[in-house]
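**Student:** Coordinates for the following, if possible.
(5 chains)
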Amino acid sequence: MIRNPKRWGRLGRTKATMVGAMLVSVASVGLTTTAASAGTKPAPLVVGAMFPFTGAKAILSTWGTHGVATGVYAVNAAGGVLGHQLTYTYADDAADPADALPAFRQLMLHHPTFMVGPFSPTIESVINQFVPNNVVDFMVGGLTTLDNNTNPYVFRTSSSDSNEAIAMAYYAISKGWKTAVMLFDNSANSQGFVPPLMAAYKALGGTIQANEVINPGASSYTSTLTSAFQNNPQVVFDSMDSATAATLFHDAQQLGYQNRPWIGDDLQSSAKGPYAAAFNPSTVSTDLIAALPATPSGAGYTTFLKEYGLRFGKKATVWPTAFNEYDSIVIASLAMTLANSTNPKVWVKDVTKVSNPPGTMCSSYPQCLALLKKHVKINYEGAAGNDNFNQFHNVFSGFQFLGFDSSLNTHQVAFVTPAELASVVAKEAKK
Amino acid sequence: MPTMVADNISAGYGKNLIIRNISLEVDAKKITTIVGPNGAGKSTFAKTVVGLLKAQTGSIIVNGDDLTKVPAFKIPSRGLAYVPQVQNVFVSMTVQENLEIGGFVTKGSTHERMEEILATFKDLNKARHKRAGFLSGGQQNMLAIARALMVNPSVIVLDEPTAGLSPAYTNVVWEEIARIAESGTAVLVVEQNVERAIAHSDYVHVFVAGQNHVHGTRDEIGKLDLASIFLGRSEVARS
Amino acid sequence: MSAFFLFVMTMVFYVIVFWIGSLGLDLVWSRTGIPIFAYYLYVAIGAYLTGLFSLPHVPLQNGVGNLFGLDMPGLLALPLAAVATGVIAMGIGAVFLRRLRTDYLAVVMVAVALVIWDFSQNDITLVSGNTGLTNIPLPLAGVLKININQWTYLYTGVALVWALALWWVMKTVSNSPTGRVFRAIRDDSVVAATIGKNVYRYQILSMGIGGFYAAIAGGFLAQLATSWNPSSWAPFEVFNVFTMVIVGGVGSNLGALVGAALLQVLFIQGPTYVASNYLHSPTFETLAAAAIGVLMWLSLWFRPQGAVPEKLKPTKWYLGREPQLAESINPDLTVEERA
Amino acid sequence: MANELTNPILSTRDLKKSFLGVTAVNGATFDVPRNLITALIGPNGAGKTTVVSLISGQIKADSGQVSIDGVDVSGWPAHRISQQGLMRTFQLSRELGGMTVLENLMVSARRQSGENLLNVFLRPGAVKKEEQALAERALEILNRYGLYHLRDSRAQALSGGQKKLLEISRAVIADPKILLLDEPMAGVNPALIEKIGEYIIDLRNGGMSILMIEHNLGIVEKICDNVIVLAEGRTLATGKMSELRENEEVVRAYLGEVINADNGR
Amino acid sequence: MHLFWIDFGTGLATAAVVALAATGLTLQFGITNYINFAYGDFMALGALLTFALNNQALHLNFWVAAPIAAILVGVFAVIANQFLLAPFARRFSNPALTMIVTFGLSLFMANVATVIWTGNTLFYRMPISVDKKVGPFLWSPDVMVVMVFAVVVMILIHLLLKMTRLGKMMRALSDNTSLALTSGIDVRQITNVTWFMSGLLAGLGGIALAVQEANLTVTSAESYLFVIFAAVILGGIGSVYGAMLGALAIGLLTETAPLYINAGYKLDVGFFIVIVLLLFRPQGLVPRLGRS
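**Tutor:** Numbers count the residues shown, from 1 in each chain, chains lettered A, B, ... in the order given. This next block holds a predicted model:
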């Protein structure tokens, strides 16, 4: 579900710098030092974080590192794991499969207990590394090819794009929008939406009038837009990187096509973000809508926000997916505690035991820890929602739909539950 | 005093000297011509004089002003103009623009001077808005000469101004050269066409194998058996 | 310790792969004089074909599939892909070398690479668009029942064997009369034609060999990462390989190794590691990438022959012994030299 | 002479070439006799170098024929013409600068089996032997032309005169039927001019046919058996230098008189 | 027809951007014999410096920041030529080597720019412009300003080249360097002026592109490098008026192409033109007198 903005430019070797990531990293040094200087405690456990710090997708590292830092902060604040403090180290995969492997091997030098990242689809180039190197991985990203993942060490803490696509279709139909056009850029992630969205929308009785593949980085999209909109669709489904969206939204606004709902994915959801800024200001409060996985609104999410605020300050931007990485760290810590072992071979089997029902619901690390100490079977409901892994180690969450107000802040306009998604899947099966 | 004095010039490309120890003088109102067989170093000498090639020895003095170390682009403003043998006009620009460029080295307006020159070169006047690349070869040569005259030079160096021209046009060009000399300019011509050169020149230098083989007034040179020099019987006695 | 060795092995693997890649570029650019700015395209074609050949055949369904799938053992897919790439490179050469002068050729080469890069992103039928190829099998791993770490050691060995073999081949080619013709074309293609060498044919041959080497490098990259997609490569990455060749030594087989090692270790992997682990700021990595440009300028200006210069072959090399003629110096020439 | 002319080693018929509307060669027709040294002379701009380039295939003629040893090679690419037995040198020496002097010669030799990669890998022994023999031959030639001591130098380091000799020896190793020399003596010192003249005569005596562009007509008279005069891109006269010197037309051409008034630039 | 005319209008807007940049590239190519692969980064530099002046440093009004930024790019181009490219071009006769040096410059500029401006999408501080229907076309006021500006710049360049001493010297230099030298033109100085103009126009082109795209990134102008080459080559390399015509043709072709082919390939239309033209008609459609 994470868009990987792919500019047309010299992706391979142009290194993008993330000021945000830099700050996090520098802060982490301080943290590590503090932990180490405590002295009497056992050696800290290393969390390996692998994100694209350079290249055109470098923004993702800002998201990821904020989540990791918050998770580590929260766990350490509650006393760590089995007496160990957590610490973390980074590696840069540059979102390039050819760079991912050396980055992974770099991480291994620090003997991480588990890993967070990389975002899909970079994970494809290291997915076979986790078992032999004895490292559990929690990754984020909607790539639909992972829907049937069988790798025992790999867990996905965000819902698949195929679910997100179904939710988008369900929401549109529930609003009575029966004709649609699809504008998805040519990146792997965006294109992952296309088949499930088409299938679901058709199953629910909708008609796709046009499916345009957007080539990122063009100076204008008027021709694509004019041909897509000839039959005056009721709704638009879209997903593209922010620079492309800025241009395409701008063009669509000029052509008068932003007087109907544009349902985008989570990328589009950030308040005051580039997407909202480029949308027609007079219709942005009615027509720009973004789907966001899970329900970052329950007790787990409140806890996350509190920890995030403690870690980065109350006013810090809460980056997308940060709660997923945070949840990953909490779940891993709980699994280790339950297994009473830091050996991944041992505790990997306990990941689903702490996150899935049945069990007593708990939504923060200290709370769950307290239950575990009492030998109570727990069911961690984290910042992302239920965090229940299915047999393929995928979570299957509901989706909230966000709208914007005129000052470009977000608010929830609808929520599609997992049950509703299941009903669509059932309908598709019938057809 | 001669307008231009070239003293003991040697030059060439890299270590290879093509001309050695050449000295010659050019006087105002006179046409001085350099002739010689192929490969004698005539064009090389002309290029050295105008600064396109660095002289390895010797000096070039125009009106008492030492130009030996002056960069090529400053030479025209010091009174020494040059017309190369080929590619001697800016083909993509009009006749008038070519002339304007010739006048750029002077500060003030060149308009009057241009009209003056166009009045003499009637052919060019008719074609003043035509691009130089579309002129005939002879007209191009004329234009090149006219451009060089824009600065009102003390010395003008012409490298084979009649090469490849029809006899009729050759005459026109020579008449023009004569008029330039009459107007007070010192003219140095590099020429293949020996007979015509001798007919039109005041003073002639014969270069052979990179050296100033023999020189003299028109009459003195006219008496020599130049054919033998040119066709290889170089043992012909110097006069 | 094993994590350390694995990391070192991975670096070694990359150095070996780019040595192979540099050898090919060295032949086409430094030894034949063709400004082959499309070289990274051949790396990519090699990677794609290696992946496609070793993945199973999937018939087209809704416009997606793998038409090239041969389910071939990776060890076999690699050379087969390289041969195919060599043929493609020769085809590209045959079209463009016929008509174009050096600078236009350079521009056209980049344009061709850009068109095909765009194609690789947009075309879903043949190369799966931006998703690219995933789960490219690890050659031998299945047969020997070894995990990916053991496989890394093993395959680094395989790559080294390949590299040594290709190094020997390149050495043999460049030392042969054919290599001499390549160099003659580089020095002056007009002269090469006047001494009876079919310049066009030799240039195409050089392109073909270069394409083969590029493709082997690409195939190894894809097999190592087990995946390949448009973000794995970009046409302009060719600049890194050019820098390896220029810094290492133009026209020198060992120079290619030096250049590949220098760039991979000191300018690409090293800065990434230092940036993530010590400086905690990717700025350093980015500046290292910028420094590659500066390195190339400095090298080209102060040491255009590179770290390991091209070796001249003395008479002894050809004869297998010192020549027996007495040293005779032409008196006329000494006159000449004095002049 | 007559006998030789009935069976010329090289002949051109009505060669024409113009560049951007400027006629450089305008119907050059001549025969180059066997086993003789023929000079191609003419005033500046007569099109001599262009004719040589047309014959050797560097430039494609607009029209006209060239035949070498009775084989029509019109329109052939340069390398095929060369393989037919024609070698040329250049007015401004074009050495293969990055290679050694020895290699400059070796690369020029004909019919090397090692120029086919299959042989390099399948018959390495034979190629190696061939290379040794070739190197011996090259050394012999270098010795003959006084370049032996420079055999292992980079060709670009040579002086102007040495490069001229290198060009000649590079052509000689290919054992051509006809050798085209474009101003082999231009820009070299007088002693070496003599020497080059001797070398050319030696080549003729060894059975080679030579066509050379030369400006120094003294030398032409001394060493050339036959002279072709080119002016305004066409053949003006042929004969012995001594005869031509008396030829009014040739004299006039040399002193710059234009023969064809209609051929304005 | 409605669709066609809207695309046609966009094509005109794209043509304006391409024309600015292509004119600068062709001016530079007229006096050197190599192609500057860093030209796209010169464009990006213009857009980024404008961003810096507009959003980061002085908070100047966009319309004030843009010309200052463009002039700075001009100065940068002169420095790049004087201290990097010209020395290499003098030393190595092979144009491909100089092109590799410009490749390096591109890599250097793009990465340093990334350090300074990050790889993120950036926006100018300027009011959002609302769409206007002009005849059959749809243009935003910003884009219309860019188009008018481009036309004005083209006219100014025309006047510069045709009417002024400097312009004529530049043309003379491009026509025949050695003759220019012996006609008394200070070749080095005019070369620098030409590089300045080239940089200035690159900067303006980059800014215009950012306005048309309504955003900018460090690498977004690189996409256009070969589209600009296409315009330059179409018009005949080194010919200024050819480049203007080429820009018009390329703008219209790339923007109307999606009516007939997959829109994903619209820029490839430009690349394809580069390939085909260089193969079959390297002198361009409007052949130019003088240096070929």
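**Student:** Make sure I have this right: D:Thr238 is in a strand.
**Tutor:** Yes. Counting by DSSP: H, G, I helix; E, B strand; the rest coil, D:Thr238 falls inside a strand.
**Student:** Not counting its neighbours along the chain, what's nearest it?
**Tutor:** D:Ile228 (4.9 Å; CB to CB, 6 or more residues apart in numbering or on different chains). For every residue, glycine as well, the C-beta is placed using N, CA and C.
**Student:** what's the distance between that neighbour and chain B?
**Tutor:** From D:Ile228 across to chain B, the span is 15 Å (CB to the nearest CB, to the nearest Å).
**Student:** Run through the chain and note the low-pLDDT ranges.
**Tutor:** Answering for chain A, as no chain was given. Filtered on pLDDT under 70, chain A yields the residue ranges A:1-41, A:294-296, A:431.
**Student:** hmm, I had chain E in mind actually
**Tutor:** Residues of chain E that meet the cut-off, pLDDT under 70, sit at E:1, E:128-131, E:283-292.
**Student:** So what touches the host helix or strand of A:Asp99?
**Tutor:** Secondary structure from DSSP states H and E places A:Asp99 in helix A:97-108. Here helix A:97-108 makes contact (CB atoms under 8 Å, 6 or more residues apart in numbering or on different chains) with A:48, A:50, A:89, A:91-94, A:115, A:118, A:122, A:124-126, A:129, A:133, A:135, C:3, C:6-7, C:10-11, C:14, C:132, C:221, C:224-225, C:227-229, C:231-233, C:269, C:272-273, C:276-277.
**Student:** element containing D:Phe121?
**Tutor:** helix D:117-122.
**Student:** Which other helices and strands does the helix or strand just after that helix contact?
**Tutor:** Downstream of helix D:117-122, the first helix or strand assigned by DSSP H and E is helix D:124-144. Here helix D:124-144 touches helix C:315-319, helix D:101-106, helix D:117-122, helix D:160-172, going by 3 or more CB pairs under 8 Å, 6 or more residues apart in numbering or on different chains; DSSP states H and E.
**Student:** Test my guess that C:Phe53 contacts C:Pro79.
**Tutor:** No. Here C:Phe53 lies out of contact with C:Pro79, judged by CB atoms under 8 Å, at a distance of 10.1 Å.
**Student:** between these two, which one's more packed in?
**Tutor:** Using other CB atoms under 10 Å in any protein chain shown, the more surrounded residue of C:Phe53 and C:Pro79 is C:Phe53, with 24 against 15.
**Student:** Relative to C:Val83, how far out is that one?
**Tutor:** 11 Å (CB to CB, to the nearest Å).
**Student:** Could you do E:Ser140 as well?
**Tutor:** According to CB to CB, E:Ser140 and C:Val83 sit 53 Å apart.
**Student:** Assign a three-state SS to the residue nearest the centre of chain D, would you?
**Tutor:** Geometric centre of chain D, nearest residue: D:Leu180, 1.2 Å, by CA atoms, centre = their mean. What three-state DSSP gives for D:Leu180 is strand.
**Student:** ditto for A:Ser282
**Tutor:** Secondary structure state of A:Ser282, per three-state DSSP, is coil.
**Student:** now swap in E:Gly206 and tell me
**Tutor:** helix.
**Student:** neighbours around it, how many?
**Tutor:** Here the count is done by other CB under 10 Å, and E:Gly206 has 33 residues near it.
**Student:** Verify the contact between it and E:Phe51 for me.
**Tutor:** No. Counting by CB under 8 Å, E:Gly206 stays clear of E:Phe51, with 10.4 Å between them.
**Student:** Overlap of the contact sets of those two?
**Tutor:** E:Leu216.
**Student:** May I ask which helix or strand encompasses B:Leu188?
**Tutor:** Here B:Leu188 sits within strand B:186-190, counting by DSSP H and E.
**Student:** What is that strand packed up against?
**Tutor:** Here strand B:186-190 touches strand B:16-26, strand B:31-35, helix B:42-49, strand B:155-159, helix B:167-182, going by 3+ CB pairs under 8 Å, 6+ apart.
**Student:** To A:Glu212, which of the ones you listed lies closest?
**Tutor:** helix B:42-49 (63.9 Å; CB to CB).
**Student:** Distance from the chain centre to the very next helix or strand once past that closest one, please.
**Tutor:** Of the helices and strands lying after helix B:42-49 in sequence (DSSP H and E), the nearest is strand B:57-62. Relative to its chain's centre, strand B:57-62 lies at 17 Å (CA atoms, centre = their mean, to the nearest Å).
**Student:** Tell me which residues are up against the very next helix or strand once past strand B:57-62.
**Tutor:** Remark: after strand B:57-62, the chain's next helix or strand is strand B:65-66, criterion DSSP H and E. Residues outside strand B:65-66 that contact it (CB under 8 Å, 6+ apart): B:Ser59, B:Ile60, B:Arg78, B:Gly79.
**Student:** List just the nearest of the residues you listed to chain C.
**Tutor:** Of all the contacts of strand B:65-66, B:Ser59 has the smallest distance to chain C: 22.9 Å, by CB to the nearest CB.
**Student:** quick revisit: need the helices and strands packed on helix D:124-144 in CSV (columns: mean neighbour count, distance to chain B and mean pLDDT).
**Tutor:** Putting the helices and strands packed on helix D:124-144 into CSV (neighbours: other CB atoms under 10 Å in any protein chain shown; distance: least, CB to the nearest CB, whole Å; pLDDT from 0 to 100) gives the following:
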stretch, mean neighbour count, distance to chain B, mean pLDDT
helix C:315-319, 18, 26, 91
helix D:101-106, 28, 18, 96
helix D:117-122, 15, 38, 94
helix D:160-172, 25, 5, 92
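**Student:** Looking at those, spot the one closest to chain A.
**Tutor:** Between those, helix D:117-122 lies closest to chain A; by CB to the nearest CB that is 31.3 Å.
**Student:** Which neighbouring elements make contact with that closest one?
**Tutor:** Where contact means 3+ CB pairs under 8 Å, 6+ apart, helix D:117-122 is packed against helix C:148-175, helix C:177-187, helix D:124-144.
**Student:** Which positions in the stretch 101-250 of chain A make contact with chain E?
**Tutor:** Proximity of the stretch 101-250 of chain A to chain E is confined to A:186, A:212-215, A:217-224, A:226-227, A:230, A:241-243, A:246-247, A:250 under the rule CB under 8 Å from any CB of the partner chain.
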